[in-house]
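Trainee: predicted coordinates and the sequence they were generated for:
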Amino acid sequence: MGPRRKASKLQPLVGSGEGEPVMRPNEPKDYINEMSHEVLCHIFRYLPMKDIMCMECLSRKLREAVTLYLRVVKVVDLCAGRWWEYMPSGFTDSSFLLLLKKMPDLEELYGLHPRYLERRRVRGYEAFSIPGVLEALQACPNLLGVETSHLELVEAIWNYMPHVHILGKFRNRNGAFPIPAENKLTIPITAKIQTLHLVGVNVPEIPCVSMLRHLYLKWVRLTKPQPFKDFLCVSLRTFVMRNCAGPTNSLKYVPLVTGLASARNLEQLELVRVPFLGGLIQHVVEDSWRSGGFRNLHTIVFGACKNALEVDLGYLIITAARRLHELRIQPSLTKDGVFSALKMAELEFPQFETLHLGYVDEFLLQCKMSHSELVKYGLADVIENPGIITDIGIKVVNEVFTNIKYLLIYNCPHLHNPHHWITDQSRWSRLVDLTLVRCHAIKLESFSQFIELLPSLEFICLDQMFREPPKGCARVGLSAGTGIGVSSALVSNQNSNNDNDNHHHHHNEANMPPPQQPQQHNVSKMCGCVFPGKGKTPLRRCNNVDVSVSVDQPKAQVLESSCEKSCQVTSEQIKADMKAAAESSRRTGSKGITTETVEAAARPGPDSRTIQGTGSTGTASRAGVRATTTTDRPVGRTNDGTVGPSGAQSRGRETGTRQSSCHDGVDSRETRGVTVNHASTTPAVQMGQGERQHAPAGPASAVCSGLQQSHGRYEDFVPRRPLTRSCTRTSSVSLLPETDLSRARPRVAVRRKRMADKSTSTSDPVTEDDHVQVLSLKSKNLVGITLTNCGITDLVLKDCPKMMFVHATRCRVLKQLQVESAPIVNRFDYAQCKKLEMEQVLDQILRMPPERNRIIYMRPMHQVGTMGSLERQLFQGPYPYHIAIVHEFSNPPNIRNKVRIRSWMDTIANISQELIKYEFFPEATRTEDDVKRFPKYPWGRDIYTLEGVVDGAPYSMITDFPWLRTLRAADPNSYARYDFEDDENTTIYAPRRKGQLSADICMETIGEEISERRQRKRGVFQRVVVLFLHHCDTPGEPVDDDYI
């Protein structure tokens, strides 16, 4: 066939005098129809199948080309490479058969992802059904493989077309938990498939599939009694089994493990909630490692495996040492002994990079079902306790894995002093990324020291760390809300008025430990002596021993008995931690006040605040002085039997010197005076020491005299599982008898702070300041920090030359930012931080030297004063930036404007920099003199407002940015790109739609504004700052947002 004949360009015009033909204007030339069929078929190779089929109805030439193309095509993708989408809708059995009949040479069909398929044909009803699809596939004689995600379709292909391969990755799309009963799949032995990813499916068994390389099982119910009886996949490289409902008998997993050992190329092994037999992996590894079993593993994951033993994990690690990259260990195996054994093996891990301690699967963290419900749906019956690894174990981690780059630790409550993790053999020299989640006992000051000592650290992520103690703890004698501590009323507060049931333990929702057994408390009660505690952990109290111990009783015997009895309820690993703490305490002073504490008392904190450290089991008040501390609180009984302000924290408890106030005298009020007396700090400490030397020895001193010589060694002892209040409430024995020194103290009238919460943990109207906790960062390579649900009140950037971003989300008491040296940080995100002092934070950021453009994103939870006051602070202040304040009111939050601003704010600044550097344009200044010179609006700036609506939500932008108005109003140039969805109707400014892709192109558009500003001698700043305020949380209720 020749090309279609075109209409003649020369046609006679009716009405012309001579009847001569007159030339018409040339019609547009039809280039497509002039192309050969070969060229058109070549073009079709780059078009989606949907577009190719649409061309059939455009012209006869194109229809012929489409027919030729389909006749020779061998590979077709119905989803155009987007495997996650569905194939075009509208197909029926007849139309799909007609299409595939046009492709006789078809070998591989990708993207066969129908949104819905009928199970069987219905007579007289035209539908898209599984038999219809099978008929169409069988019409292709050369078909080798099909890509699909439909469970019933893939099973039908396996049954009726067993020679056809399942291409790509089979992922079913209707997975859910609880597992739907209608999701069923039977895997035949002859299945030709390489990757099988099943989610929420009922499967009878996993047979021997020789071709299978990657097997992912998530929420899969294995229905046969012996589902792994024939399991043998010799080509397997990846095996992942997560939260599956399989057999409860651990012996039935023996063929699974032996089958995995036969897969010599296995690289990734993830077992989550798989109740295999304890010790099984050890024996299988012993039998198979010589023949290559588990030798090529690079990823090992153990999570909630009920019976897993340390030897199972250890043998796998040792066998795979040469290629191991990543290791995730469940809490029950996160202990010192595992790493001590690996250290003794003296192995090298040349490729190891990632370690996750205390690993808990995401499903268990996010699932809202109770444990009993999960077991009811077939999951293994297992409850995880927190990991019991200590500082000693973490120190050994780096001695074993010297090249570790990424460290994540989840819920390890026995970690206290991170700066002890660094030794000559454990320097963490390659650690790049550190994530700590719910490690509540880590001390803030020690953590800051640790960060400073890490040479390569770039990213820090802290989640639920350094939490603040609940309000009213000091008043009712509770420890600082760590979840491990116990009420100090056990030892000091015998007043029945305070004997309530208000506990402040934060339970572990994800892997809640089982309740303490009564026999553990009984073992604790057998302990016959009073122990010196540390931090907020009080003394143990015993009912069967007289309080007054004879002075002549052997001291060593008393302490040995006490230590032995208390350690019976802890693990051997915790003993090592106690021993290390005792050794470190030998350097402390004999009077019970450590050098660190005295220095902290003599050194005022930033902004005259109390620097708050953390105790061994919680948060302990540091000894700084707050100028307006509230001390006029109800009077309660303190630790030594005296009566004092119950809101003040006991200094004896803080420094772990409970017995020092006993053997030096009961009256240690001057010591507590450190937090009450505002005149001086150091004299108060010295005066307290002087008075204690001459205090009379009361009956309580007999108890402590036997412990006096050993005080230095045992003052840092940490009782890990002390008695609860409920177990000791029946006791009537007073720990320390009252003396004549026990009398009420006069109240000190001090102005109350307005910012404190009014509600407390006891629902009493007590005003108590937030516990000040300062996170100080000093790191030469740190790039960014992310804080989520952390209890710090102050963030200090001391010396962070490479820091680029600070993200803080839902940090309830975070208030202030102090920037000492962080020159290139350019992104600050503060979302849902309830008590953030916005004016102080903005002042700190804007006072930084203008070396970078900066964007500040805030989601305040309260009304931001008046708009005018915020504008006045920023535009009038001595800040050498062009400033933009954007108010966004979308709810749920839309981040379109925020993301787009990052793309064009630099362009605005680059224009100004080009003009200043190369065009001798005047540069603006903003000194204190300039501030005084412009006391009224517009404060020496060209301020204007842009308003609009994005996705139905209004926004407002108040700014003095130069050039922006002209650029927004300009017409698109030759560089304009229309493949971008944004324009001024959907965002503040869309430079791509205008073609304003660089500063040079923009300067061609704004020539008039440049000349005008030059004539007016109005200079420009080289840098810009954007404050983006999202007001969706302003009513005080946080809005759920996936982006934060």
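Mentor: Ah, there it is. Numbering: from 1, shown residues only.
Trainee: the residue nearest to residue 423 when sequence neighbours are not counted: which element?
Mentor: Nearest non-adjacent residue to residue 423, counting by Cβ to Cβ, 6 or more residues apart in numbering: residue 395, 6.1 Å away. (Each C-beta comes from the backbone N, C-alpha and C, glycine too.) Using DSSP states H and E, residue 395 sits in helix 391-400.
Trainee: mind listing what the residue nearest to residue 423 touches?
Mentor: With contact set as Cβ atoms under 8 Å, 6 or more residues apart in numbering, residue 395 has these partners: 420-423, 426.
Trainee: circling back: buried residues in the helix holding residue 395?
Mentor: For helix 391-400, burial by neighbour count (16 or more other Cβ atoms under 10 Å) applies to 391-398, 400.
Trainee: can you name the element that comes right after it?
Mentor: Reading on from helix 391-400 to the C-terminus, the next helix or strand found by DSSP H and E is strand 406-410.
Trainee: let's have the contacts of residue 395 in TSV, adding secondary structure, neighbour count and distance to residue 932.
Mentor: Below are the contacts of residue 395 laid out as TSV (DSSP: H, G, I helix; E, B strand; the rest coil; neighbours: other Cβ atoms under 10 Å; distance: Cβ to Cβ, whole Å):
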residue	secondary structure	neighbour count	distance to residue 932
420	helix	20	53
421	helix	23	52
422	coil	17	50
423	coil	12	56
426	coil	17	56
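Trainee: ok, those vs residue 284, which is closest?
Mentor: Residue 284 has its nearest neighbour among these in residue 426, at 32.3 Å by Cβ to Cβ.
Trainee: poorly predicted segments of the protein, please.
Mentor: Applying pLDDT under 70 to the chain flags the ranges 1-27, 472-767, 865-867, 979-985, 1036, 1041-1044.
Trainee: pull the longest helix from it.
Mentor: Secondary structure of the chain per DSSP state H: the longest helix is helix 896-918.
Trainee: what does the next helix or strand after that one contact?
Mentor: Next along the chain after helix 896-918, taking DSSP H and E as the criterion, comes helix 928-933. The contact list for helix 928-933, computed with Cβ under 8 Å, 6+ apart, reads 876-878, 939-940.
Trainee: these, buried ones only, as a ChimeraX selection?
Mentor: Buried residues within those, by 16+ other Cβ under 10 Å, are selected in ChimeraX with:
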select :876,877,939,940
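Trainee: closest to residue 158 among the contacts of helix 928-933?
Mentor: Looking across these and measuring by Cβ to Cβ, the closest to residue 158 is residue 877, at 71.3 Å.
Trainee: now, which of the contacts of residue 395 sits nearest residue 469?
Mentor: Among the contacts of residue 395, and counting by Cβ to Cβ, the member closest to residue 469 is residue 420, at 23.8 Å.
Trainee: find the nearest non-adjacent residue to that closest one, please.
Mentor: Using Cβ to Cβ, 6+ apart, the nearest residue to residue 420 is residue 391, at 4.9 Å.
Trainee: double-check the one you found against residue 422; I have them as touching.
Mentor: No: Residue 391 lies out of contact with residue 422 (Cβ atoms under 8 Å); the separation is 10.6 Å.
Trainee: shared neighbours, those two?
Mentor: Contact with both residue 391 and residue 422 is made by no residue, according to Cβ under 8 Å, 6+ apart.
Trainee: quick one on the thing from earlier: contacts for the longest helix of the chain?
Mentor: Taking Cβ under 8 Å, 6+ apart as the rule, helix 896-918 contacts 853, 855, 857, 882, 884, 886, 888, 921-923, 950-951, 955, 961-964, 982, 986-991, 996, 998-1000, 1002-1003, 1006, 1010, 1020-1024, 1026, 1028, 1030.
Trainee: sort out for me which of these are in strands.
Mentor: 855, 857, 882, 884, 886, 888, 950, 955, 1024, 1026, 1028, 1030 (DSSP state E).
Trainee: measure the residue nearest to residue 420 to residue 773 for me?
Mentor: Residue 391 sits 20 Å away from residue 773, going by Cβ to Cβ, to the nearest Å.
Trainee: with residue 829 instead?
Mentor: Separation of residue 829 from residue 773 (Cβ to Cβ) stands at 20 Å.
Trainee: name the element residue 169 belongs to?
Mentor: With DSSP H and E as the criterion, residue 169 is inside strand 165-171.
Trainee: and that strand, what does it pack onto?
Mentor: strand 108-112, strand 145-148, helix 151-160, strand 193-199 (3 or more Cβ pairs under 8 Å, 6 or more residues apart in numbering; DSSP states H and E).
Trainee: can I get these in CSV including distance to residue 260 and mean neighbour count?
Mentor: Formatted as CSV, the helices and strands packed on strand 165-171 follow (distance: least, Cβ to Cβ, whole Å; neighbours: other Cβ atoms under 10 Å):
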stretch, distance to residue 260, mean neighbour count
strand 108-112, 31, 22
strand 145-148, 27, 21
helix 151-160, 24, 18
strand 193-199, 15, 20
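Trainee: nearest to residue 975, out of these?
Mentor: So among those, strand 108-112 is nearest, using Cβ to Cβ, at 35.3 Å.
Trainee: tell me the helices and strands packed up against that closest one.
Mentor: Using 3+ Cβ pairs under 8 Å, 6+ apart: strand 108-112 touches strand 75-77, strand 145-148, strand 165-171.
Trainee: need the winner for burial among these.
Mentor: strand 145-148 (a mean of 21; mean count of other Cβ atoms under 10 Å).
Trainee: hey, C-alpha coordinates of it in PDB?
Mentor: Output of strand 145-148 as PDB, limited to C-alpha atoms (Å, rounded to 0.1, in the frame of the first residue of the first chain):
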ATOM      1  CA  GLY A 145       7.100 -15.800  31.000                       C
ATOM      2  CA  VAL A 146       4.400 -13.600  32.600                       C
ATOM      3  CA  GLU A 147       4.700 -11.000  35.300                       C
ATOM      4  CA  THR A 148       1.700 -10.800  37.600                       C
END
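Trainee: list the strands paired with it, with their directions.
Mentor: According to DSSP bridges, strand 145-148 forms sheet pairs with strand 108-112 (parallel), strand 165-171 (parallel).
Trainee: can you list those in a markdown table and add distance to residue 54?
Mentor: Listed next are these as a markdown table, based on distance: least, Cβ to Cβ, whole Å:
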| stretch | distance to residue 54 |
| --- | --- |
| strand 108-112 | 17 |
| strand 165-171 | 26 |
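Trainee: out of those strands, nearest to residue 836?
Mentor: For residue 836, the closest of the strands paired with strand 145-148 is strand 165-171, at 42.9 Å, according to Cβ to Cβ.
Trainee: the closest one versus helix 151-160: what angle between them?
Mentor: In terms of direction (axes from the mean of the first three to the mean of the last three Cα atoms, to 10 degrees), strand 165-171 departs from helix 151-160 by 160 degrees.
Trainee: and the angle for strand 165-171 with strand 193-199?
Mentor: 30 degrees.
Trainee: of all the ones in strands among the contacts of helix 896-918, which two lie farthest apart?
Mentor: 882 and 950 (22.4 Å).
Trainee: so these two - more neighbours on which side?
Mentor: residue 882 (26 against 19; other Cβ atoms under 10 Å).
Trainee: the nearest residue to that one once chain neighbours are set aside: what's it in contact with?
Mentor: Spatial nearest neighbour of residue 882, excluding adjacent residues (Cβ to Cβ, 6+ apart): residue 1024 at 4.5 Å. Residues near residue 1024 by Cβ under 8 Å, 6+ apart: 853-854, 881-884, 905, 908-909, 961.
Trainee: can you list these in TSV and add distance to residue 461?
Mentor: Formatted as TSV, these follow (distance: Cβ to Cβ, whole Å):
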residue	distance to residue 461
853	25
854	22
881	29
882	33
883	30
884	29
905	26
908	32
909	30
961	34
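Trainee: tell me the one of the residues you listed nearest residue 293?
Mentor: Taking those together and measuring to residue 293 by Cβ to Cβ, the closest member is residue 854, at 55.1 Å.
Trainee: what residues sit buried inside stretch 779-789?
Mentor: For stretch 779-789, using 16+ other Cβ under 10 Å, the buried residues are 779, 782-789.
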